[in-house]
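> No sequence on hand, only this structure:
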Ligand SMILES: [Zn+2]
């Protein structure tokens, strides 16, 4: 599979109709018995958090999934829609799903929010109302066994992921790559975004206290969870391929 060669200086691929996608997500979630909480509203847009209880509570695990914090990464919310529609959740997982953290960004096909703030650098000393509302919601939730943040990278040559695993729990990174490899190329470069990578896996040594501009994952790893993955689909490939990559990655984690 070849790159499309469209992304010069940014994302120039297919876009999505965010209003229609959010409507479809709400409809599918209702059909499949999710509960929905609106935690923020601006104009016509609502920010909602979906929740699905485990069918069996014995040995259940709590998994947090977020998408759409960058408005030029359409495969992420579309992957959450597909996951909700497919409805193949293991009985023992409890899911907290935030399908779109930056809906207005998608109306502009822009990474940042309406005011030009990159929300994924706003989780410490937060300025944006969306981030403040999201953090307030997170504080009301129990701790998560694992988090997944769904993203896309317009420059990458294939799918890759970042792992945070400070307690050296059993890694799910290799399983994720194995599953995604069947549907999407993997970025096999030894350096990705300036960090050492191996087979599409980046394990950065992060020191959140030394960085002022926290991404969502830094907030999650310091406050809510002790293991998590930021998944990066390569956005210079067809949209359907990237959606399938993110869906395969999530399924690999929840069925681990
Ligand atoms: Zn992103």
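Looks like it came in fine. Predicted model only: the values in this text are computed from it and were never measured. Residues are numbered from 1 along each chain as shown.
> Show me what from the protein comes close to the ion.
Taking Cβ under 5 Å from the ion as the contact definition, the chain meets the ion at 70, 73, 151. Placement of C-beta: from N, CA and C, glycine included.
> filter those to the buried ones?
Buried by 16 or more other Cβ atoms under 10 Å: 70, 73, 151, out of the residues of the chain next to the ion.
> Put together CSV for those, with distance to residue 39 on each row.
What follows is those, written out as CSV (distance: Cβ to Cβ, whole Å):
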residue, distance to residue 39
70, 19
73, 21
151, 21
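> Let's see which of these end up in helices.
Residues of those located in helices (DSSP state H): none.
> Against the ion, how distant is the closest residue to residue 204 other than its chain neighbours?
Counting by Cβ to Cβ, 6 or more residues apart in numbering, residue 195 is the residue found nearest to residue 204 once chain neighbours are left out, at 5.4 Å. Relative to the ion, residue 195 is positioned 15 Å away (Cβ to the ion, to the nearest Å).
> Which pLDDT does the model give residue 195?
For residue 195, the pLDDT comes out at 95.
> returning to what we had before: put together TSV for the residues of the chain next to the ion, with pLDDT on each row.
Shown next, in TSV, are the residues of the chain next to the ion (pLDDT from 0 to 100):
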residue	pLDDT
70	98
73	98
151	98
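> Now, the residues you listed that are in strands?
If you go by DSSP state E, the residues of the chain next to the ion have residue 151 in strands.
> residues in contact with the residue of the stretch 1-150 of the chain found nearest the ion?
Residue nearest to the ion within the stretch 1-150 of the chain: residue 70 (3.6 Å; Cβ to the ion). Contact partners of residue 70, counting by Cβ atoms under 8 Å, 6 or more residues apart in numbering, are 76, 102, 105, 111, 118-120, 151-152.
> Is the residue positioned nearest the centre of the chain bridged to anything, and to what?
Of all residues in the chain, the one closest to the mean position by Cα atoms, centre = their mean is residue 150, 1.9 Å from it. Applying DSSP bridges to residue 150 gives these bridge partners: residue 67, residue 231.
> Show me the strands in the stretch 101-250 of the chain, by range?
146-153, 160-164, 191-192, 195-198, 201-202, 228-234 (DSSP state E, counting those that start in this stretch).
> what's the closest of these to residue 1?
For the strands of the stretch 101-250 of the chain, the distance to residue 1 is smallest for strand 228-234, at 9.8 Å, taking Cβ to Cβ.
> Look at the nearest residue to residue 15 once chain neighbours are set aside and say how many residues are nearby.
Leaving aside its sequence neighbours, residue 15 sits nearest to residue 109 (Cβ to Cβ, 6+ apart; 5.2 Å). Residue 109 has 17 neighbouring residues, counting by other Cβ atoms under 10 Å.
> before we move on, what about residue 210?
Neighbours of residue 210 (other Cβ under 10 Å): 6.
> Give me the distance between it and residue 85.
Computed with Cβ to Cβ, to the nearest Å, the distance linking residue 210 and residue 85 is 41 Å.
> Next: residue 147.
Residue 147 is 22 Å from residue 85, where distance means Cβ to Cβ.
> When these two are compared, which one has more neighbours?
Counted by other Cβ under 10 Å, residue 147 and residue 85 do not tie: residue 147 has more neighbours, with 25 against 15.
> Who are the contact partners of the more buried one?
Counting by Cβ under 8 Å, 6+ apart, residue 147 touches 63-66, 217, 220-221, 224-225, 227-229.
> Check residue 120 too.
69-70, 215-216.
> Swap in 6 Å and give it another go.
Listed by Cβ atoms under 6 Å, 6 or more residues apart in numbering, the contact set of residue 120 reads 69, 215-216.
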